[in-house]
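In: The following comprises the amino acid sequence and a computationally predicted model.
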Amino acid sequence: MPKPQIVWFRRDLRLRDQPALYAAAQRGPIIPVYVLDDERAGDRKLGGASRWWLHHSLESLATGLARHNAKLTLLRGDCVEKLSELAEAVGAETVHAISHYEPWWRKAEEELADRLELDLYDGNYLMPPGSVTTGSGGTYKIFTPFYKALQKALPTFDPLEEPSFTLPDSWPQSDRLEDWDLLPTKPDWAAGLRKTWEVGEGAAHEKLSYFSDIASDYEKGRNLPSVEGTSRLSPHLHWGEISPAQVWKALEGKRGQGVEVFRSELIWRDFAQNILFQFPHYPEENYRERYDGLEWRNPNRGHLIEEDLKAWQQGQTGYPIVDAGMRQLWATGWMHNRVRMIVASFLIKHLLIDWRHGEKWFWDTLVDADYASNGTNWQWVSGTGVDTQLYTRIMAPLSQSAKFSAENYIREWVPELAHLSDEDIHDPSAEKRPESYPERLIEHTEGRERALNAYKAMKAAE
Ligand code: FAD
């Protein structure tokens, strides 16, 4: 009788195109396991929205496994200890897993490999992070050359089918998912998430199938928050309910600028991971150290700006497009990409608040909160990161709102302004602004000047 094979699931909660599961199934009876390890990630414990998603995604994975009469074993605690104990209890020698690149997962993989045979597989990115290199073998820090090199290196994808399994004689002890308290109860703030999302592998494929029909309009649609012009695949990709190879494959043969731009966005996801691979603390630190000298209005430095941070978080800044985005995030766990850029820029430049406060808020509230993508995008907007985007390029939220026709988006998320005309809604004058809607925290020109002065002061002190 072949030995049981442990399949360690993390952010790869799918049965199709799951190379760890596929390989394990060829070698013996499978024991699929998920370990909830809250301590490994230190202060990067899963945020509230992520925990909500994880609960439903595990439920969906367990249902998929049950179709094969297989059970998902749920364990809680240090993943290395728990997997080692499990292996001993069931007589397994090998753990199969897809590689993950967050620093805490890399460390766990190293520790586990010292204790057991750990077979790692690629599968969560188009190309394994770190594998796309320059002619001289270096790694890329700039997107465009990375994008070109990755496209040249891409294999033809042939995603794996869902394997058939053999089952062990008995199943290990498992926690009950309900006992993990991943869902909010007091208060239950997840009504908007439930209304917005279907979670799981099946739902991810439905989204992909819908999107592949509209992909040719992506170039235009992706910048318009009032239109559903993007795929909304981000949480499914983040949790690995669908693989990027499956997404790429579904668009094979489709031509046009829209599809090309969409492919480049998928490559941004790989790029972010490639940056994290090189700089494991990227989401925590200014990549350009000179910005350590910038005088942020930082809550930790004793300035009285907690109210501004709170107003931003709650969508009460007095800038309709910013408030719409922040309220969409709070209600649904997701925000349109164009609006993510606007709200991030507003926090960093207009409110002069350190990007890390925004990054942390997104970490807690996004259902797609991703260590690499979130950190890379926040540093991109702030101008403190690897790319050439400058701190001194300051987005004007009011003109962005008009340029990208955000009228109906604002009406949906800031209903107190819904009665305003298309012209007024981006920038309601004092007479037209209802009493229930806050005044601007700061005027655009004043905010802009303050940000530029902080930059000048930083330079002068160098
Ligand atoms: P689509 O436009 O349909 O794109 C397809 C896929 O490509 C996305 O699902 C995503 O996986 C990937 N992608 C698209 N844009 C980017 C990008 N700029 N960087 C990396 N990958 C991208 N994305 C996350 O997945 N997790 C995050 O935590 C995250 N934080 C962000 C923070 C800020 C400040 C900003 C400006 C962007 C952030 N993004 C993040 C990127 C982007 O906003 C989302 O991936 C996108 O809005 C998801 O919607 P979609 O699935 O409809 O995307």
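Out: On my side now, so go ahead.
In: Just checking, which helix or strand of this protein averages the lowest pLDDT?
Out: Comparing every helix and strand of the chain by mean pLDDT, DSSP states H and E singles out helix 218-221 as the least confident one, with a mean of 91.
In: Next one: the residue lying closest to Met395 once chain neighbours are set aside from the ligand, what distance?
Out: Among residues not flanking Met395 along the chain, Ser345 sits closest, at 4.1 Å (CB to CB, 6 or more residues apart in numbering). (Each C-beta comes from the backbone N, C-alpha and C, glycine too.) When CB to the nearest ligand atom, to the nearest Å is applied, the distance between Ser345 and the ligand equals 9 Å.
In: sorry, back to before: can you name the next helix or strand after the least confident helix or strand of the chain?
Out: Once the chain leaves helix 218-221, the next helix or strand it forms, by DSSP states H and E, is helix 234-238.
In: Say whether the ligand is contacted by the helix or strand just after that next one.
Out: Toward the C-terminus, helix 234-238 is succeeded by helix 244-250 as the next helix or strand (DSSP H and E). No: interface with the ligand: helix 244-250 contributes nothing (CB under 6 Å from any ligand atom), its closest point being 7.7 Å away.
In: Would you pull up how far helix 244-250 lies from the middle of the chain?
Out: In this view, helix 244-250 has its centroid 18 Å away from the chain centroid, taken as CA atoms, centre = their mean, to the nearest Å.
In: For the residue lying closest to Asp354 once chain neighbours are set aside, list the residues it contacts.
Out: Beyond its immediate neighbours in the sequence, the residue positioned closest to Asp354 (CB to CB, 6+ apart) is Trp296, lying 4.1 Å away. With CB atoms under 8 Å, 6 or more residues apart in numbering as the criterion, the residues that contact Trp296 are Leu352, Ile353, Asp354, Ala454.
In: What degree of burial does the third one show, as a neighbour count?
Out: The burial count assigned to Asp354 is 23, neighbours taken as other CB atoms under 10 Å.
In: For it, give me its contacts.
Out: With contact taken as CB under 8 Å, 6+ apart, Asp354 is in contact with Trp296, Asn298, Ile348.
In: Distance of the first one relative to Ala41?
Out: Using CB to CB, to the nearest Å, one gets 25 Å for the distance from Trp296 to Ala41.
In: can you check the second one too?
Out: Counting by CB to CB, the gap between Asn298 and Ala41 amounts to 24 Å.
In: From Glu295, how far off is Lys71?
Out: Look at Lys71 and Glu295: by CB to CB, they are 56 Å apart.
In: Of these two, which one has the most company?
Out: Under the criterion of other CB under 10 Å, the comparison of Lys71 against Glu295 puts Lys71 first, with 17 against 14.
In: what separates the more buried one from Phe165, distance-wise?
Out: Here the distance between Lys71 and Phe165 works out to 11 Å (CB to CB).
In: Equivalent analysis for Pro129, please.
Out: As defined by CB to CB, Pro129 lies at a distance of 29 Å from Phe165.
In: Kindly report the same for Arg433.
Out: From Arg433 over to Phe165 (counting by CB to CB), the distance is 61 Å.
In: related to what we said a few turns ago, I'd like the contacts of Trp296 as JSON lines, with pLDDT, secondary structure and distance to Val247 appended.
Out: Listed next are these as JSON lines, based on pLDDT from 0 to 100; DSSP: H, G, I helix; E, B strand; the rest coil; distance: CB to CB, whole Å:
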{"residue": "Leu352", "pLDDT": "95", "secondary structure": "coil", "distance to Val247": "38"}
{"residue": "Ile353", "pLDDT": "95", "secondary structure": "coil", "distance to Val247": "35"}
{"residue": "Asp354", "pLDDT": "95", "secondary structure": "coil", "distance to Val247": "34"}
{"residue": "Ala454", "pLDDT": "95", "secondary structure": "helix", "distance to Val247": "41"}
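In: Now list the buried members of those residues.
Out: Buried residues within those, defined by neighbour count using 16 or more other CB atoms under 10 Å: Leu352, Ile353, Asp354, Ala454.
In: How about the second one: what's its closest non-neighbour residue?
Out: Yep, that's Ile353 we're talking about. Nearest-residue entry for Ile353: Leu347, 5.2 Å, with adjacent residues in sequence omitted and distances by CB to CB, 6+ apart.
In: which residues does the one you found contact?
Out: Leu309, Trp312, Ile353, Trp355, His357, Gly358.
In: now do 6 Å
Out: Residues in contact with Leu347, defined by CB atoms under 6 Å, 6 or more residues apart in numbering, are Trp312, Ile353, Gly358.
In: Give me the pLDDT for the last one.
Out: Right, Gly358. The predicted local confidence for Gly358 comes out at a pLDDT of 97.
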